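Peer 1: Take this sequence and fold it.
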Amino acid sequence: MPKPVKKAPAKKKAKATRSGAFDLPIAPVIRIAKNSGAERISMDGTRAIVARTEKYIAAVAREAANAAASEGRKTIKAEDVEKC
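Peer 2: Predicted structure coming up:
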């Protein structure tokens, strides 16, 4: 009786990318909104919060990067963020 041939392990499928234009996850945004007093929040409302939050984070990161660069560093430190 011939030896059974072992099959190669199946390749993992690539993770699906988000179809939306946002990088921040939606569930934590909903949780934060509810913990901040919102009883309910629509998906459009959630997306609007995410979009505005991403703009805010980008602005803070840009200012912090400039502060780090002015001191000759590439790494953003907490003190750079505090200056913003």
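Peer 1: Just the helices from this protein, written as ranges.
Peer 2: Here the chain has its helices, by DSSP state H, at 26-35, 43-70, 78-83.
Peer 1: Just give the closest residue to the residue nearest the centre of the chain, not the sequence neighbours.
Peer 2: Closest residue to the average C-alpha location of the chain: residue 24 at 3.6 Å, with Cα atoms, centre = their mean. Closest residue to residue 24 apart from its sequence neighbours, by Cβ to Cβ, 6 or more residues apart in numbering: residue 50 at 5.0 Å. Every C-beta, even on glycine, is put in place using the N, C-alpha and C of the backbone.
Peer 1: Please apply the same query to residue 67.
Peer 2: Using Cβ to Cβ, 6+ apart, the nearest residue to residue 67 is residue 80, at 4.1 Å.
Peer 1: now swap in residue 41 and tell me
Peer 2: Nearest residue to residue 41, sequence neighbours excluded (Cβ to Cβ, 6+ apart): residue 33, at 4.9 Å.
Peer 1: Okay, now the unreliable bits of the protein?
Peer 2: 1-2, 11-22 (pLDDT under 70).
Peer 1: again, 50 this time
Peer 2: Applying pLDDT under 50 to the chain flags residues 16-17, 19.
Peer 1: and the end-to-end length of stretch 31-50?
Peer 2: Using Cα to Cα, to the nearest Å, the span of stretch 31-50 from its first residue to its last is 12 Å.
Peer 1: For that stretch, buried residues please.
Peer 2: Residues of stretch 31-50 classed as buried under the neighbour-count rule (16 or more other Cβ atoms under 10 Å) are 33, 46, 49-50.
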